[in-house]
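1. Quick one, structure for this:
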Amino acid sequence: MKPRDMIEIIVDTHEPTEVIGWLEELSTDECTVIVRRDTLEIGDYVISPDIAFERKEFADFLHSMFDENEQHEKRYGMRQIADLAREYRKPGLILEGGELKELYMLRPGIPPNSIRGTLHAIAFGFRVPILPTFNLRDTAAMLVTAAKKAQLEHHAGKPSPHGKRSHLSLDEKQVYLVTAIMGIGVDTAIRLLDHFKTPQAIMNATEEELKAVRLVGPKTAATIREIVTTKYQP
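-> Numbers count the residues shown, from 1 in each chain. As a prediction, the model looks like this:
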């Protein structure tokens with residue numbers, strides 16, 4: 001008799017408890033789903049040594065991309081995406097909710113084009129695929145499908161909570177370096193690099209030269225100059 005297949009999924013301790021049951025319910029006579037709870041510094045779910053997912057419900061996605069967190073950091077969600085792309089060779093964003101039009105209507109104060117620009121930056125700036133799901137149960141089904149393909153079909157190995165991405169391309173490193181400046185999103189970082197060509201040129205630019213770049217306002221220009229010119233005082 002053929003041995004029963006087993007797949008393993010690591011779930012961050014901050015994720016809802018009910019997802020554990022839904023993942024385990026997807027076990028079949030042919031395949032057992034093993035779920036491990038662990039504290040993940042980066043990502044919400046890991047399904048192989050090089051594949052991890054960040055999960056965002058629609059409301060959480062908008063909050064993390066357009067509001068401040070407790071540390072008064074704007075667009076902190078983009079930092080999470082950047083970290084995911086840095087640590088795992090095959091990162092993914094699970095965008096959980098109803099139809100996509102609901103995402104655009106949820107927060108009337110956020111222009112749809114700003115949301116589209118953010119999705120574009122995630123998919124093309126950081127090369128993080130976006131997987132839509134309807135709800136947490138659908139997310140569980142997506143994770144099991146992905147884990148089966150990775151572990152059973154492609155023999156990617158069991159997941160590790162501390163996966164490391166082997167390398168970033170030079171352009172990804174440059175974008176990541178510029179986004180490390182508080183308040184600089186991926187779109188703005190790419191525009192700055194397109195305009196000045198190198199991170200060094202960005203750091204050497206005057207406020208007026210920085211403000212000449214689209215999406216860079218007086219506050220962002222002043223922040224860049226303050227960071228690169230102020231003496232370090234720990």
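
2. what's the domain layout of this protein?
-> Domains of the chain are assigned by automatic domain parsing as 6-153, 170-229.

3. Endpoints of the shortest one, how far apart?
-> Using C-alpha to C-alpha, to the nearest Å, the end-to-end distance of domain 170-229 comes out at 25 Å.

4. The residue most central in space within the chain: which element?
-> Centrality entry for the chain: nearest residue to the mean C-alpha point is residue 81, 2.2 Å, by C-alpha atoms, centre = their mean. For residue 81, the element it lies in under DSSP states H and E is helix 76-87.

5. I would like the residues contacting that helix, please.
-> The set of residues external to helix 76-87 that reach it, using C-beta atoms under 8 Å, 6 or more residues apart in numbering, is 42-43, 52, 54, 56, 61, 63-65, 68-69, 73, 91, 93, 118, 121-122, 126-128, 163-165, 168, 172, 176, 179, 185-186. (Glycine included, C-beta is placed from N, CA and C.)

6. Pull the CA coordinates from it and hand them back as CSV.
-> Listed next in CSV are the C-alpha coordinates belonging to helix 76-87 (Å, rounded to 0.1, in the frame of the first residue of the first chain):
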residue,chain,number,x,y,z
TYR,A,76,4.9,49.9,7.5
GLY,A,77,3.2,47.2,5.5
MET,A,78,5.6,47.9,2.6
ARG,A,79,8.4,47.3,5.1
GLN,A,80,6.9,43.9,5.9
ILE,A,81,6.8,43.1,2.2
ALA,A,82,10.4,44.2,1.7
ASP,A,83,11.5,42.0,4.6
LEU,A,84,9.6,39.0,3.2
ALA,A,85,11.3,39.5,-0.2
ARG,A,86,14.7,39.8,1.5
GLU,A,87,14.4,36.7,3.7
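
7. what mean pLDDT does it have?
-> This predicted structure assigns helix 76-87 an average pLDDT of 86.

8. Check which element follows that helix along the chain.
-> In the C-terminal direction, the helix or strand that comes right after helix 76-87 (DSSP H and E) is strand 90-96.

9. Report all helices and strands that that following strand contacts.
-> On a contact count with 3 or more C-beta pairs under 8 Å, 6 or more residues apart in numbering; DSSP states H and E, strand 90-96 meets strand 51-57, helix 58-66, helix 76-87, strand 130-133, helix 136-147.

10. Can you read off the pLDDT for residue 173?
-> 75.

11. ditto for the one 10 residues further on
-> According to the predicted model, the pLDDT of residue 183 comes to 61.

12. same check, this time on residue 110
-> Note for residue 110: predicted pLDDT of 91.

13. Burial check on it, number of neighbours?
-> As a burial measure, the neighbour count of residue 110 was computed by other C-beta atoms under 10 Å and equals 16.

14. quick one: secondary structure of it?
-> Applying DSSP: H, G, I helix; E, B strand; the rest coil to residue 110 yields a three-state assignment of coil.

15. which residue packs closest to it, ignoring adjacent ones?
-> If the residues on either side of it in the chain are set aside, residue 110 comes closest to residue 66, at 5.6 Å by C-beta to C-beta, 6 or more residues apart in numbering.

16. now residue 32
-> For residue 32, ignoring the flanking residues on the chain, the nearest one in space by C-beta to C-beta, 6+ apart is residue 6 at 4.7 Å.

17. Any idea how far apart the tips of stretch 192-205 sit?
-> Distances were taken as C-alpha to C-alpha; on that basis the terminal residues of stretch 192-205 are 10 Å apart.

18. just stretch 19-38 next, same as before
-> The first and final residues of stretch 19-38 sit 14 Å from each other (C-alpha to C-alpha).

19. who's in contact with that stretch?
-> The contact list for stretch 19-38 (C-beta under 8 Å, 6+ apart) reads 4-13, 136-137, 139-141, 143-144, 147-148, 152, 159, 161.
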